[in-house]
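**Q** Turn this into a model:
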Amino acid sequence: MKLSRRHAGSRRVWWLAPLIALAAGSATLALGAFMVTLRVARLVTVPVRERPEEVVVRSVDRSAGTVTLSAHPDSTIPGRYALYFAGDRGLARVGEIVSMAEGAVTRRLVEEVRGTLRAGLASRVSGIYYEAPDDVGLAFEDVAIPTELGEAPAWLVPAAVSTARWVIQVHGRGVDRREAVRSLPVFHAAGLTSLLISYRNDGVAPHSADGMYALGDTEWKDVEAAIEFAVGSGAREVVLMGWSMGGALVLQAVTRSPLSRRVQGVILDSPVIDWVRVLDHQAGTRRIPIPIRRAVYQLIGSAWGRRFTRQSSAIDLARLDFVARAAELSVPILLMHSDSDTFVPSVGSRALARLRPDIVSFVPFSGAGHTRLWNYDEKRWTQAIRNWLKKTAPVRPTYSP
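**A** Numbering: from 1, shown residues only. Predicted coordinates for the structure are as follows:
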């Protein structure tokens, strides 16, 4: 039987329909995977400005000096902490745990700094216990550090006796210079002048053209500017202290800046030693598939990816790996990290300590949260810094008052 031209044509192309559907489905899946990759990439590079308030105030007993909070990984850890509420407009300070019951924890209420705690309020627990140097009884000056992006505000806390030894504090991701205020007493007692800096895109310093984090790959230039400022103000030797991502900035500065010759030593609190390890860990906790993770690293680390992420420059993740680059480090390092850190795991710090026992003094903690070593065990944390300073960076006064 002879088919009509119409039916013959239909017979020849019937197989195209499933192929077109398959191609369309594959394109949809590919687009979906790319959009997830782009979203994750932006989570890595876009600065965090707001923190979730996941701890609920259950009750306040001012006569007993206590506050009861909902049980949360942050609220049930021993130590003393800040309690921010009402979108950070309110602040209280809480101390040791008094008692624990199912779903709740009662802590010592140290003080209500601003705002009034009441039942039902949402809050968040923070390791930033103090907010300014005068909270710890120290005089300070507001200074401006010239950087390539403009003047970056900083707090200068002079030593009791003028010396040529300074410590420059570099805060972590998503916070600001307030993070380092709790460290001021130990350095002031040791006779060092402290400089608490801001850096690009932290919400205090000038922002870069893209307004994004480069995970230390460009921010280290602001640390270099701080060293130059310190040297211009009389410093002859500098100790750099980095908290969390601030540790990545510090390590970049001591390996990439000509001014690193001024750096006598480095102190790291809960540092990012290798970003890929940290990002893999954080992605794993969010159940992000391994192919998506690898695609994210390609996206933020390549020139072609910039058209999608809107980064000014690609991030060299290999250059940020100081397990692989351990041999390039030459200054003494005090490294403190908690094995209970669920945000930046201690595996990178432990690996660096194993590779460079000649320069790394490793002080492990257990039980403390991320950058909350001081909060958890102030005495041990302070003693570790005090002992390291005596051995590594003794102070020589330039004159007596």
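**Q** Run through the helices of the chain in chain order.
**A** With helices called from DSSP state H, the chain shows them at 5-13, 16-45, 184-189, 220-232, 245-256, 275-285, 290-300, 306-309, 347-355, 373-376, 378-392.
**Q** just these: most buried one?
**A** By mean neighbour count, with neighbours taken as mean count of other Cβ atoms under 10 Å, helix 245-256 ranks first of the helices of the chain at a mean of 26. C-beta coordinates here come from the backbone N, C-alpha and C atoms, glycine included.
**Q** tilt between it and helix 275-285?
**A** In terms of direction (axes from the mean of the first three to the mean of the last three Cα atoms, to 10 degrees), helix 245-256 departs from helix 275-285 by 160 degrees.
**Q** And helix 245-256, how far out from the chain middle?
**A** Relative to the centre of its chain, helix 245-256 is centred 12 Å away, using Cα atoms, centre = their mean, to the nearest Å.
**Q** and what of stretch 121-138?
**A** With Cα atoms, centre = their mean, you get 17 Å for stretch 121-138.
**Q** Need the distance between the two termini of that stretch.
**A** Across stretch 121-138, the terminal residues are separated by 32 Å (Cα to Cα, to the nearest Å).
**Q** Pull out the buried positions in it.
**A** Using 16 or more other Cβ atoms under 10 Å as the test for burial, stretch 121-138 gives 121, 123, 124, 125, 126, 127, 128, 129, 130, 133, 136, 138.
**Q** possible to save those residues as a markdown table with distance to residue 298 and pLDDT?
**A** Listed next are these as a markdown table, based on distance: Cβ to Cβ, whole Å; pLDDT from 0 to 100:
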| residue | distance to residue 298 | pLDDT |
| --- | --- | --- |
| 121 | 43 | 97 |
| 123 | 39 | 98 |
| 124 | 34 | 97 |
| 125 | 36 | 98 |
| 126 | 34 | 97 |
| 127 | 34 | 98 |
| 128 | 35 | 98 |
| 129 | 40 | 98 |
| 130 | 41 | 98 |
| 133 | 43 | 98 |
| 136 | 45 | 97 |
| 138 | 46 | 97 |
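**Q** about what we covered before: mean pLDDT for the helices of the chain: which is lowest?
**A** Mean pLDDT is lowest for helix 5-13 among those, at a mean of 51.
**Q** check contacts around the residue nearest to residue 125 when sequence neighbours are not counted.
**A** Once flanking residues are discounted, residue 125 sits nearest to residue 74: 3.9 Å by Cβ to Cβ, 6 or more residues apart in numbering. Residues in contact with residue 74 (Cβ atoms under 8 Å, 6 or more residues apart in numbering) are 54, 55, 81, 124, 125, 369.
**Q** Leaving out chain neighbours, which residue sits closest to the first one?
**A** The reference is to residue 54. residue 72 (5.9 Å).
**Q** Please report how far that neighbour lies from residue 284.
**A** For residue 72, the distance to residue 284 equals 21 Å [Cβ to Cβ, to the nearest Å].
**Q** Kindly report the same for residue 137.
**A** Distance from residue 137 to residue 284, by Cβ to Cβ: 43 Å.
**Q** same deal with residue 161?
**A** For residue 161, the distance to residue 284 - Cβ to Cβ - is 49 Å.
**Q** What of residue 208?
**A** Residue 208 is 29 Å from residue 284, by Cβ to Cβ.
**Q** and the residue nearest to residue 54, what pLDDT?
**A** Predicted confidence (pLDDT) for residue 72: 97.
**Q** Hmm, residue 123 and it touching each other?
**A** No. Applying Cβ atoms under 8 Å as the test, residue 72 and residue 123 come out as separate, 9.8 Å apart.
**Q** any shared contact partners between the two?
**A** Residues touching both residue 72 and residue 123 by Cβ under 8 Å, 6+ apart: residue 55.
**Q** who's in contact with the closest residue to residue 288 other than its chain neighbours?
**A** In this structure, residue 288 finds its nearest non-sequential neighbour in residue 40, 6.2 Å apart by Cβ to Cβ, 6+ apart. By Cβ under 8 Å, 6+ apart, residue 40 lies in contact with 283, 288, 292, 293, 296.
**Q** try residue 250
**A** 170, 220, 223, 240, 241, 242, 266, 268, 271.
**Q** Turn the residues you listed into JSON lines, including distance to residue 192.
**A** Below are the contacts of residue 250 laid out as JSON lines (distance: Cβ to Cβ, whole Å):
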{"residue": "170", "distance to residue 192": "15"}
{"residue": "220", "distance to residue 192": "21"}
{"residue": "223", "distance to residue 192": "17"}
{"residue": "240", "distance to residue 192": "12"}
{"residue": "241", "distance to residue 192": "10"}
{"residue": "242", "distance to residue 192": "16"}
{"residue": "266", "distance to residue 192": "14"}
{"residue": "268", "distance to residue 192": "17"}
{"residue": "271", "distance to residue 192": "20"}
